[in-house]
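1. A structural model of the following input is requested.
(2 chains)
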Number of protein chains: 2
Amino acid sequence: MQILKTREALRTWRKSLPGPISVGFVPTMGALHAGHLKLITESRHHTEITVASIFVNPLQFGPKEDFTRYPRPFEEDCRLLEAAGTTVLFAPEKADFYQPDHTAYCDVAELDRYLCGASRPGHFRGVCTVVLKLLLLVAPTYAYFGQKDIQQALILKRMVRDLDVDTDLQVIETVREASGLALSSRNIYLSEGEKARAAKLWQGLTSAKAMFAAGERQSEKIKDAVRHAVNAAYPTRIDYIELVEPSRLSPTPEATANCVLALAVYFGKTRLIDNLIL
Amino acid sequence: MQILKTREALRTWRKSLPGPISVGFVPTMGALHAGHLKLITESRHHTEITVASIFVNPLQFGPKEDFTRYPRPFEEDCRLLEAAGTTVLFAPEKADFYQPDHTAYCDVAELDRYLCGASRPGHFRGVCTVVLKLLLLVAPTYAYFGQKDIQQALILKRMVRDLDVDTDLQVIETVREASGLALSSRNIYLSEGEKARAAKLWQGLTSAKAMFAAGERQSEKIKDAVRHAVNAAYPTRIDYIELVEPSRLSPTPEATANCVLALAVYFGKTRLIDNLIL
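-> Next comes the predicted model:
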């Protein structure tokens, strides 16, 4: 696996490839787990060359969020990416990636109004800006994102469509522990006891989906079932439990197929998210 | 000259070109004049293939601006572009270019605070969004913009740098009538009498530059000289006469080399802009 540390090195390498080759891209913030590695595997199945990136993007963290303490096990991440068959890792320093007087941003209006967008102002603007830069540098045929961050995936799909970025974005199913807990780099902040309790988040979502399958259509009743399960997990705070329609990501009073049932809760300082599609 | 009407046709054509070919791009809103044609000539001197676009971009017009009455002499524009040696004209309809639920935007913070940005809220966001889309579709080696719209040119250069768009933006000197009046598609709104008076705008700018060359450094005195000349042209309203430093486009009390002296005035409903670099 080749490790490229600067935008210039990446651009030079990309231009050295023959035109019609298919390139898959997996952007990450490092602290890799089996969810990231599944994205690498997907890319390897469908493309000739797989590029991963590791960059803890300061633009997408709020001033009180965990940017500085975000885990950065770089050596271990490199071993995992290499073992998974990654061709090139792009791992720039912040000083190379953003100019000191960086002022250009990309954002997707409306779709960031609810869910994580409501409680993390500026987060998706930071995500859109970093991903757009990465897509323009890597110029991949396909880029792979996990369904766990579903609002991110849908916002980025909209960005790529609206701005004519020539990349096909693929959203890959969330990888979970045996307990049902969605894998996340932030799970390392949790104690074993918290992890066991956090598994109830997924149990709440699946029991709500069963209600929908059995005919329940009232959004409030479905969300109440999730809330009941989440309260039993006793997180320190519920950020949201919401049912949204998939094109605008806005709350809907009536559940229909393809609606997204999503939640965000805190265990201490650790914010966990999960979702499913009805 | 080949005329392509849809993004898909453009994308297909672009992908049919051999990889290393150099492409020049001149984005326009039509109503072409010798200023646009100079951009085409520049492109032809430095690249193998020249693409022009004509698209009156609704996103960059304010609700009270001249979007509907903006001139659209399409047949004549085609003749001019073909005679100038344009290879491909991209002329999409609005319905093809923007999805009905378009929500992704690009903007450049800070640089849009003064000059035209102050009096046209949202204008540069519209400009950045349309130009980013066009650059990603055309994928040109070089793109050409006129110095008359200097704030636009500097904002777009910043956008391209900050977002890693793989295009080199060139800013080409303003073309003027013998009187000094900067060519503009909006000059057709002017009577011959107004045009003669509007020529005094350039006389004001050049006399201020002469003051600077003679040693004057006080911004207020330099701007006063311009104001005096502009008042003699008796426009209906002065939007701004401003001296800004070139990296942040913010007003400076003291003139230095490379500062931009810029103005915007109304003759009736017609807004004219011009500038020079000290």
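2. what residue ranges in the stretch 1-150 of chain A score low on pLDDT?
-> Judged by pLDDT under 70, the stretch 1-150 of chain A has no weakly predicted residues.
3. can you give me the helices in it?
-> A:7-16, A:34-46, A:74-83, A:94-97, A:116-119, A:123-138, A:150-162 (DSSP state H, counting those that start in this stretch).
4. Tell me which of those lies nearest to chain B.
-> helix A:150-162 (3.5 Å; C-beta to the nearest C-beta). The C-beta positions use only the backbone N, C-alpha and C, and glycine is treated the same way.
5. that older thread, columns distance to chain B and mean neighbour count on top of the helices of the stretch 1-150 of chain A, output as CSV?
-> Formatted as CSV, those follow (distance: least, C-beta to the nearest C-beta, whole Å; neighbours: other C-beta atoms under 10 Å in any protein chain shown):
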stretch, distance to chain B, mean neighbour count
helix A:7-16, 6, 15
helix A:34-46, 19, 19
helix A:74-83, 22, 16
helix A:94-97, 9, 14
helix A:116-119, 12, 17
helix A:123-138, 5, 23
helix A:150-162, 4, 22
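6. Show me what counts as buried in the particular helix or strand that has A:Asn231 in it.
-> In this structure, A:Asn231 sits in helix A:219-232 according to DSSP states H and E. Buried residues in helix A:219-232, counted by 16 or more other C-beta atoms under 10 Å in any protein chain shown: A:Ser219, A:Ile222, A:Lys223, A:Ala225, A:Val226, A:Arg227, A:Ala229, A:Val230.
7. out of those, who's nearest chain B?
-> Out of the buried residues of helix A:219-232, the member with the shortest distance to chain B (by C-beta to the nearest C-beta) is A:Ser219, at 22.3 Å.
8. Would you state the predicted confidence (pLDDT) at that closest one?
-> With respect to pLDDT, A:Ser219 scores 97.
9. circling back to that earlier point, tell me, which of the buried residues of helix A:219-232 make contact with chain B?
-> Residues of those in contact with chain B (C-beta under 8 Å from any C-beta of the partner chain): none.
10. what does the model give the residue nearest to A:Arg176 when sequence neighbours are not counted for pLDDT?
-> Leaving aside its chain neighbours, A:Arg176 sits nearest to A:Ala182 (5.5 Å; criterion: C-beta to C-beta, 6 or more residues apart in numbering or on different chains). Here the pLDDT value assigned to A:Ala182 is 98.
11. So what does A:Ala182 have for phi and psi?
-> Backbone torsions of A:Ala182, given as degrees, to the nearest 10, read phi -70, psi 130.
12. same question, A:Ala262
-> Dihedral angles (degrees, to the nearest 10) for A:Ala262: phi -140, psi 150.
13. residue contacts, it?
-> A:Leu115, A:Ile150, A:Gln151, A:Tyr240, A:Ile241, A:Glu242, A:Leu243, A:Val244, A:Ile273, A:Asp274, A:Asn275 (C-beta atoms under 8 Å, 6 or more residues apart in numbering or on different chains).
14. Can you tell me which of those residues are buried?
-> Using 16+ other C-beta under 10 Å, the buried ones in those are A:Leu115, A:Ile150, A:Gln151, A:Tyr240, A:Ile241, A:Glu242, A:Leu243, A:Val244, A:Ile273, A:Asp274, A:Asn275.
15. Reformat those into a markdown table and put secondary structure next to each item.
-> Formatted as a markdown table, those follow (DSSP: H, G, I helix; E, B strand; the rest coil):
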| residue | secondary structure |
| --- | --- |
| A:Leu115 | coil |
| A:Ile150 | helix |
| A:Gln151 | helix |
| A:Tyr240 | strand |
| A:Ile241 | strand |
| A:Glu242 | strand |
| A:Leu243 | strand |
| A:Val244 | strand |
| A:Ile273 | strand |
| A:Asp274 | strand |
| A:Asn275 | strand |
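16. Please identify which of those residues is nearest to A:Asn57.
-> A:Gln151 (16.2 Å; C-beta to C-beta).
17. Could you measure from the closest one over to A:Ala255?
-> 18 Å (C-beta to C-beta, to the nearest Å).
18. same question, A:Asp112
-> Counting by C-beta to C-beta, the gap from A:Asp112 to A:Ala255 is 22 Å.
19. What parts of chain A come near chain B?
-> Going by C-beta under 8 Å from any C-beta, the residues of chain A near chain B are A:7, A:11, A:19, A:98-99, A:101-111, A:128-129, A:132-133, A:136-137, A:158-159, A:161-166, A:247-248.
20. If we use 7 Å, what do you get?
-> A:7, A:19, A:99, A:102-111, A:132-133, A:136-137, A:158-159, A:161-166 (C-beta under 7 Å from any C-beta of the partner chain).
21. Spatially central residue for chain A, please.
-> With the centre of chain A defined as its mean C-alpha position, the nearest residue by C-alpha atoms, centre = their mean is A:Asp149, 3.6 Å away.
22. How about that residue: what's its closest non-neighbour residue?
-> A:Ile273 (7.2 Å).
23. need the contact list for the one you found.
-> A:Ile273 sits next to A:Cys116, A:Lys148, A:Leu263, A:Ala264 when contact means C-beta atoms under 7 Å, 6 or more residues apart in numbering or on different chains.
24. beta partners for it?
-> A:Ala264 (DSSP bridges).
25. Stretch A:262-271: end-to-end distance?
-> 13 Å (C-alpha to C-alpha, to the nearest Å).
26. Give the buried residues for that stretch.
-> Within stretch A:262-271, the residues that count as buried by 16+ other C-beta under 10 Å are A:Ala262, A:Leu263, A:Ala264, A:Val265, A:Phe267, A:Thr270, A:Arg271.
27. Closest one to B:Arg69 out of those residues, please.
-> A:Ala262 (46.5 Å).
28. how near is that closest one to B:Gly24?
-> Distance, A:Ala262 to B:Gly24, by C-beta to C-beta: 47 Å.
29. repeat for A:Ala264
-> In terms of C-beta to C-beta, A:Ala264 sits 48 Å off from B:Gly24.
30. Point me to the helix or strand that includes A:Asp239.
-> Going by DSSP H and E, A:Asp239 is part of strand A:237-244.
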